[in-house]
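> give me a model of this one.
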Amino acid sequence: MDVDKKRLQEARDQAMEFALVAGAEMAGIYEATRESASPEEVADRLELDLRAVRIVLNALVSLGLLSQRGNLFRVEAPGSALFLRRDNPEYAGSSFRHSVYILRNWMRLSEVLQTGKPVQEQRSHDQYAAFMRAMDNRSDEAVQHVVDRLMEQAPASSAVLDLGGGPGRYARAFAKRADRVVLFDLPPVVDHVKEAYGLDRVENLELCKGDMAESLPEERFDVVFLGHICHMWSPEENRSLLQRAAGLLVPGGVFGLVDFVRGHSEWAPLFAVNMLVNTPGGNTYTFEEYKGWLEKACLVDVSLEAVPGRDSQLVLARKPQVAESPRPQQERVRPSRKVL
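Residues are numbered from 1 along each chain as shown. The predicted structure is shown next:
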């Protein structure tokens, strides 16, 4: 892709448009204009500055997200689909809000280049909730494809471990196919998602608290899955994690991970910058790197395939059908900072 002044100017303009649209969502503008409202009513209801509200309402009208009749403004169908209707496939409110928080750190890239350290920021409750909602915004097609590919290789009666499963987007789909699914994540994550996403009411799904940098469940599983986890960690941390995760598989068990694989995902190089500014050691990795880590963990038949509808890839592997032998001493590298 060629980069020139015109393209960069277009990107700048699009970034400004995104900041307007997403900032209005964060302020509650679309919710406040479900029914026709004047700028004075919106400002009063949301406790916002009237001059600022007038300017933003008019700008949103120019984008077709709001309509105006006299002094009254109302959200139009595109704005409603994007920011109000969570059941709509076009809904993007959660991911856009999360992107705003992420882009704040991107704007400090020059600092990160000088220090080599990520932007140190304590996540607020709103940032944390937005991150979980963004993780729950994966397409049904992509999730179902991943689950089907893993379960078609698993025994008829299967136990599945979803490591770092967050809001349970994959775990809920696994629970429809497997006899038992364990979602393992940090204690604050589990405490949040079990009620916010109703995971404590999903049949066949168990929630397990823990820190995968410290320990993993001690039982064995037919399927072990990691969805968009490895990019948060360094090569040394991933080598340790994948070795320990592979050790949880029964003979013949299936391993899978989804991530942006460098060399196959167009988004992977830019997403690596996202990890640079937000994590102490995260990155995106090549299939050869994943293959080497998994083979070192004694897994075989390591393969790569595209995930439909997304610019991400599925890495599959299998534990050989042999009698279990004593586990080798496992390498453990603790990440220098937890990343939710």
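> mind listing the helices for this structure?
Counting by DSSP state H, the segments of the chain that form helices are 5-27, 29-32, 39-46, 50-62, 77-83, 93-106, 109-115, 125-135, 140-151, 169-175, 187-196, 235-246, 268-278, 287-296.
> need the winner for burial among those helices.
Across the helices of the chain, the average number of neighbours (mean count of other Cβ atoms under 10 Å) peaks for helix 169-175, which reaches a mean of 25. For the C-beta atoms, the positions are set from N, CA and C on the backbone; glycine is no exception.
> put the alpha carbons of it into CSV.
Written as CSV, here are the backbone C-alpha positions of helix 169-175 (Å, rounded to 0.1, in the frame of the first residue of the first chain):
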residue,chain,number,x,y,z
ARG,A,169,-17.7,-15.2,23.4
TYR,A,170,-16.1,-18.5,22.5
ALA,A,171,-17.0,-20.3,25.8
ARG,A,172,-20.7,-19.9,25.2
ALA,A,173,-20.3,-21.5,21.7
PHE,A,174,-18.1,-24.3,23.1
ALA,A,175,-20.8,-25.0,25.7
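> tell me which other helices or strands it touches.
The contact analysis (3 or more Cβ pairs under 8 Å, 6 or more residues apart in numbering; DSSP states H and E) places helix 169-175 against helix 140-151, strand 159-163, strand 180-185, strand 205-209, strand 221-227.
> mean confidence score for the first one?
The predicted model gives helix 140-151 an average pLDDT of 95.
> residues in contact with that helix?
Applying Cβ atoms under 8 Å, 6 or more residues apart in numbering, the contact partners of helix 140-151 are 158, 160, 169-170, 173-174, 177-178, 223, 225, 227, 254, 256, 258, 305, 307-310, 312, 314, 316.
> one more time with 6 Å, if that's ok
Contact partners of helix 140-151, identified using Cβ atoms under 6 Å, 6 or more residues apart in numbering, comprise 169-170, 173-174, 177, 223, 254, 256, 258, 307-310, 314.
> next, the angle from that helix to strand 221-227.
150 degrees (axes from the mean of the first three to the mean of the last three Cα atoms, to 10 degrees).
> for E214, find the nearest of the helices of the chain.
Ranking the helices of the chain by proximity to E214 (Cβ to Cβ) places helix 235-246 first, at 10.4 Å.
> could you chop this protein up by domain?
Listed domain ranges for the chain are 5-85, 138-264+278-318 (source: automatic domain parsing).
> could you dump the helices and strands packed on helix 169-175 to CSV with distance to V61?
CSV is the format used below for the helices and strands packed on helix 169-175 (distance: least, Cβ to Cβ, whole Å):
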stretch, distance to V61
helix 140-151, 33
strand 159-163, 44
strand 180-185, 42
strand 205-209, 45
strand 221-227, 39
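> now for the worst-scoring helix or strand of the chain on mean pLDDT, which elements pack on it?
Lowest on mean pLDDT, DSSP states H and E among the helices and strands of the chain sits helix 125-135, with a mean of 74. Under the contact criterion of 3 or more Cβ pairs under 6 Å, 6 or more residues apart in numbering; DSSP states H and E, helix 125-135 touches helix 93-106.
> again, 8 Å this time
Contacts defined by 3+ Cβ pairs under 8 Å, 6+ apart place helix 125-135 against helix 93-106, helix 187-196.
> tell me what angle the shortest one forms with strand 205-209.
Interaxial angle, helix 187-196 versus strand 205-209 (the same axes, to 10 degrees): 150 degrees.
> ok, the longest one next?
For helix 93-106 and strand 205-209, the angle between their directions (the same axes, to 10 degrees) works out to 20 degrees.
> I'd like the average pLDDT over helix 93-106.
84.
> ok, stretch 313-320 next?
On average, stretch 313-320 scores 98.
> chain center to it, what's the gap?
Relative to its parent chain, stretch 313-320 has a centroid offset of 21 Å by Cα atoms, centre = their mean, to the nearest Å.
> check which residues of it are buried.
Applying a neighbour-count criterion of 16 or more other Cβ atoms under 10 Å, one finds 313-319 buried in stretch 313-320.
> and the angle for the longest strand seen in the chain with strand 221-227?
Criterion DSSP state E: the longest strand present in the chain is strand 249-259. With the same axes, to 10 degrees defining the directions, strand 249-259 sits at 20 degrees from strand 221-227.
> buried residues in strand 249-259?
249-250, 253-259.
> contacts for it?
Residues outside strand 249-259 that contact it (Cβ under 8 Å, 6+ apart): 146, 149-150, 153-155, 220-231, 245-246, 284-285, 290, 294, 299, 307, 312-324.
> for E47, which of the helices and strands packed on helix 169-175 is the nearest?
With Cβ to Cβ, the closest approach to E47 among the helices and strands packed on helix 169-175 belongs to strand 180-185: 35.4 Å.
> where does pLDDT dip in the stretch 101-250 of the chain?
Confidence mapping of the stretch 101-250 of the chain against pLDDT under 70 gives the ranges 121-124.
> could you redo the last one with a cut-off of 50?
Within the stretch 101-250 of the chain, the set of residues satisfying pLDDT under 50 is empty.
> which one in this structure is furthest away from the centre?
Ranked by distance from the centre of the chain (Cα atoms, centre = their mean), the top residue is G70, with 41.8 Å.
> which residues touch that one?
Contacts of G70 by Cβ under 8 Å, 6+ apart: none found.
> how many neighbours does G227 have?
23 (other Cβ atoms under 10 Å).
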